[in-house]
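Colleague: take this sequence and fold it.
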Amino acid sequence: MSDSISDFITVVRNAYRARKNECFGKHSKLNLRIAGILREEGYIRDVEEATGATGHKAIRITLKYVEDAPALIGIQRASKPGRRLYFQYNNIPKVMDGLGVGILTTSTGLMNDREARRRKVGGEMICSVW
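Modeller: Okay, here's the model as predicted:
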């Protein structure tokens, strides 16, 4: 069994730790939307669809550094295949007391935790970013 979301998060985390300028993740609509939220929140510089070295569709992520420090310090998978975490909108946990971002999948699509609270929709917590 494989978890494509965990694989994608690991690619981004490892690229930041290796001080790369860009990385390539496996293409899927969900991974593309997660990368889009990371771009909207300012953790990465750019996201685009590309072709990987093997000729398959991929997601090219341009990483962001601020004065040689990574913009993304940590990213962690919250809900896993063996243990799903669902929250009502009023119980969605704040990541680092609101300094970080939680990414949730809801009935109205993928969104960050602040947007889910504002729209009053709950869902599955995919990952936490700080």
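Colleague: quick one: the residue nearest to K94 when sequence neighbours are not counted from C23, how far?
Modeller: In this structure, K94 finds its nearest non-sequential neighbour in D113, 7.0 Å apart by Cβ to Cβ, 6 or more residues apart in numbering. In short, each C-beta sits where N, CA and C put it, glycine included. Using Cβ to Cβ, to the nearest Å, one gets 24 Å for the distance from D113 to C23.
Colleague: okay, now the domains of the chain?
Modeller: Following automatic domain parsing, the chain resolves into domains at 4-70, 75-129.
Colleague: what would those domains look like in TSV with mean neighbour count?
Modeller: TSV is the format used below for the domains of the chain (neighbours: other Cβ atoms under 10 Å):
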stretch	mean neighbour count
domain 4-70	15
domain 75-129	16
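Colleague: would you mind measuring from the nearest residue to G74 once chain neighbours are set aside to G82?
Modeller: Leaving aside its sequence neighbours, G74 sits nearest to W130 (Cβ to Cβ, 6+ apart; 5.1 Å). Going from W130 to G82 by Cβ to Cβ gives 24 Å.
Colleague: try N14
Modeller: For N14, the distance to G82 equals 22 Å [Cβ to Cβ].
Colleague: what do you get for D68?
Modeller: 38 Å.
Colleague: now swap in L30 and tell me
Modeller: In terms of Cβ to Cβ, L30 sits 19 Å off from G82.
Colleague: what does K26 give?
Modeller: Taking Cβ to Cβ, one finds K26 at 21 Å from G82.
Colleague: how about the spatially most central residue of the chain, phi and psi?
Modeller: Nearest residue to the geometric centre of the chain (Cα atoms, centre = their mean): I34, 4.2 Å. With angles defined as degrees, to the nearest 10, I34 sits at phi -60, psi -50.
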